[in-house]
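# Any chance you could fold what I've pasted below:
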Amino acid sequence: RDYCVMKVGDLVKLSSQRAARRLSGSSLLGIIISFDEDNDPVIQWFLAGSAICIEAEYRKDIKVC
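Presented below is the predicted three-dimensional model:
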């Protein structure tokens, strides 16, 4: 698949499909802080302006804002 180029510092949100499966998913925003060994982005997630967690996500599950 052809995904957009992602880089450290990009603002991201969950894809529509992933947000629909997660409580408050549509209001999550994140910043890419690094990439894991599979080159998937590691994201610092924020909810209502507060940092909530750091998670690696599959590229197909997020989109750059």
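# use CA for all of it now, contacts and neighbours both
Fine.
# helix or strand for the nearest residue to residue 64 once chain neighbours are set aside, which one?
Distances taken as Cα to Cα, 6 or more residues apart in numbering put residue 12 closest to residue 64, at 4.4 Å, once the chain neighbours are dropped. Element membership of residue 12, judged by DSSP states H and E, is strand 11-14.
# Pull up the pairing partners for that strand, direction included.
Taking DSSP bridges as the criterion, strand 11-14 forms sheet pairs with strand 29-35 (antiparallel), strand 62-64 (antiparallel).
# would you list those strands in CSV and tack on mean neighbour count and mean pLDDT?
Below are the strands paired with strand 11-14 laid out as CSV (neighbours: other Cα atoms under 10 Å; pLDDT from 0 to 100):
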stretch, mean neighbour count, mean pLDDT
strand 29-35, 19, 97
strand 62-64, 18, 91
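# Let's have those in JSON lines, adding distance to residue 54.
Shown next, in JSON lines, are the strands paired with strand 11-14 (distance: least, Cα to Cα, whole Å):
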{"stretch": "strand 29-35", "distance to residue 54": "9"}
{"stretch": "strand 62-64", "distance to residue 54": "14"}
